[in-house]
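Visitor: mind folding the following:
(one chain, ligands or ions: 1)
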Amino acid sequence: MKEVLARYGVMVNRNNMCCCPIHQERHPSMKVFKDGYRCFACGSCGDIFSFIQAKEHCDFKTAFTILGGTYEHHSNETARVAAQMKFSRKKVQAQRAKQEEKRFRQTLMDAIGMCEYWIENREPFDDDWVFAQNKILWLWANYEDKYIQEMEINEVNVYRTCREIEQRFLTL
Ligand SMILES: [Zn+2]
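Guide: Residues are numbered from 1 along each chain as shown. Have a look, this model is predicted:
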């Protein structure tokens, strides 16, 4: 529900209240739930679909489409449930991907940091210095090239190399 409100620039406060965008007001009268809302001032209430319907003055089918659903010959209730499931599944997937990317980038940055340490603190052409020089460009290339392309292929390699660098660093 909060995501849908956010699309209309409506901020929900810590008590899960917001200014009702349906009747327009200055003081928050709308209680926001995980999957719905209720305005204590104008009495408007429902789920994400009824919210869009009230806000856009449209029917369920249009609201459903606005929220990213594709309309087939389902009953409204089936479509509503299916769309809600799709909505939350997408959200979970997006969060997971974001966490994985964060972890991936952090691992790379840590390894880059260790290489930079060697490059700065070792005599040029000493073992660690050469090792670090060899790895650092490759690490940066992976960092820049993002994750996104060929992620599955590269990920294993990157994690393995970063572990190798870390092991070496830990035995200093
Ligand atoms: Zn209201």
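Visitor: might you enumerate the residues of the protein proximal to the ion?
Guide: Applying CB under 5 Å from the ion, one finds that the chain approaches the ion through 20, 22, 23, 39, 41, 42, 44. (Each C-beta comes from the backbone N, C-alpha and C, glycine too.)
Visitor: where does the residue nearest to the third one when sequence neighbours are not counted land in three-state SS?
Guide: By that I understand residue 23. For residue 23, ignoring the flanking residues on the chain, the nearest one in space by CB to CB, 6 or more residues apart in numbering is residue 42 at 3.8 Å. Of the three states, residue 42 takes coil under DSSP: H, G, I helix; E, B strand; the rest coil.
Visitor: can you tell me how far residue 42 is from residue 87?
Guide: 25 Å (CB to CB, to the nearest Å).
Visitor: average pLDDT across the strand or helix carrying residue 62?
Guide: Assessed by DSSP states H and E, residue 62 sits inside helix 60-66. Per-residue pLDDT over helix 60-66 has a mean of 87.
Visitor: same thing with stretch 10-20?
Guide: Averaging pLDDT along stretch 10-20 yields 93.
Visitor: show me how far it is from its chain's centre.
Guide: Centroid separation for stretch 10-20 versus its chain: 22 Å, with CA atoms, centre = their mean, to the nearest Å.
Visitor: which outside residues touch it?
Guide: 2, 5, 21, 25-33, 39, 41-42, 44 (CB atoms under 8 Å, 6 or more residues apart in numbering).
Visitor: can you tell me how far the spatially most central residue of the chain is from residue 112?
Guide: The chain has residue 95 as the residue nearest its centroid, 4.2 Å off, counting by CA atoms, centre = their mean. Look at residue 95 and residue 112: by CB to CB, they are 26 Å apart.
Visitor: rewinding a little: which of the helices or strands spans the residue nearest to the centre of the chain?
Guide: Taking DSSP H and E as the criterion, residue 95 maps to helix 76-121.
Visitor: what do you get for residue 37?
Guide: Using DSSP H and E, residue 37 falls in strand 36-39.
Visitor: other SSEs contacting the helix or strand following that strand?
Guide: Sequence order places strand 45-47 as the next helix or strand after strand 36-39, per DSSP H and E. The contact analysis (3 or more CB pairs under 8 Å, 6 or more residues apart in numbering; DSSP states H and E) places strand 45-47 against strand 36-39.
Visitor: quick one: contacts of the lowest-mean-pLDDT helix or strand in the chain?
Guide: Counting by mean pLDDT, DSSP states H and E, the chain has its least confident helix or strand at helix 151-170, which shows a mean of 81. The contact list for helix 151-170 (CB under 8 Å, 6+ apart) reads 104, 107-108, 110-111, 114-115, 117, 128, 131, 135, 138-139, 142, 145, 147.
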